[in-house]
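Chemist: coords below, sequence missing:
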């Protein structure tokens, strides 16, 4: 259960790290003014909505675990591309892809947790609510601190590791669940 909690914390942290600091990142990376940078963040949030619509359709055909793994790898790659690119078109495409992938972490993580522990739906819900709240509070603050020390562009680049840690936690949860339980 704790591993699923950590997965939600990391996934939400990656999503809202970009959601919270993305406009300032775009100002620094692309040299935009504040208003255009904030407006451009609609690409990220639009990607989130689009990704959830597409994901809801794909879940009828594909296993949620495979979709979570794909969203995690693509999302991490999108964050890396967002961080590495100074080409506006590539940065905007990476921003949209990041939104499409990271916006799916929460629903796919909850689906995976319920699949692993179907008798604990209420506890999963409570834990996920706590993890989201802590993540929304802590990750932007930590990212801001790292941004002061290493620069915001580098701090955003460090978000690349959160989905990878989340994927490791999900794999560990699945592995732990697959082990025979002793009575």
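Modeler: Nice, I can see it. Because the structure is a prediction, the values reported are computed rather than measured.

Chemist: Any buried residues in the worst-scoring helix or strand of the chain on mean pLDDT, and which?
Modeler: Every helix and strand of the chain was ranked by mean pLDDT, DSSP states H and E. The lowest is helix 161-178, at a mean of 80. Neighbour counts over helix 161-178 (16 or more other C-beta atoms under 10 Å) mark 162-167, 169-170, 173 as buried. Placement of C-beta: from N, CA and C, glycine included.

Chemist: Residues touching that helix, excluding its own?
Modeler: 3-4, 6-7, 10-11, 13-14, 17, 65, 68-69, 72-73, 75-76, 79, 101-102, 105, 109, 112-113, 116-117 (C-beta atoms under 8 Å, 6 or more residues apart in numbering).

Chemist: Just the buried subset of those residues, please.
Modeler: So, by 16+ other C-beta under 10 Å, the buried ones in those are 3-4, 6-7, 10-11, 13-14, 17, 65, 68-69, 72, 75-76, 79, 101-102, 105, 109, 112-113, 116.

Chemist: any chance you could map the helices in the protein?
Modeler: For the chain, helices defined by DSSP state H occupy the ranges 2-30, 34-58, 64-84, 88-102, 105-116, 121-150, 152-158, 161-178.

Chemist: worst average pLDDT in those helices?
Modeler: The minimum mean pLDDT among the helices of the chain belongs to helix 161-178 (a mean of 80).

Chemist: Pull the distance from it to the chain's centre.
Modeler: Relative to its chain's centre, helix 161-178 lies at 14 Å (C-alpha atoms, centre = their mean, to the nearest Å).

Chemist: Now do that helix against helix 121-150, angle only.
Modeler: Orientation of helix 161-178 against helix 121-150 (axes from the mean of the first three to the mean of the last three C-alpha atoms, to 10 degrees) gives an angle of 150 degrees.

Chemist: who touches residue 115 in this structure?
Modeler: Going by C-beta under 8 Å, 6+ apart, residue 115 touches 64-65.

Chemist: Swap in 10 Å and give it another go.
Modeler: 63-65, 174, 177 (C-beta atoms under 10 Å, 6 or more residues apart in numbering).
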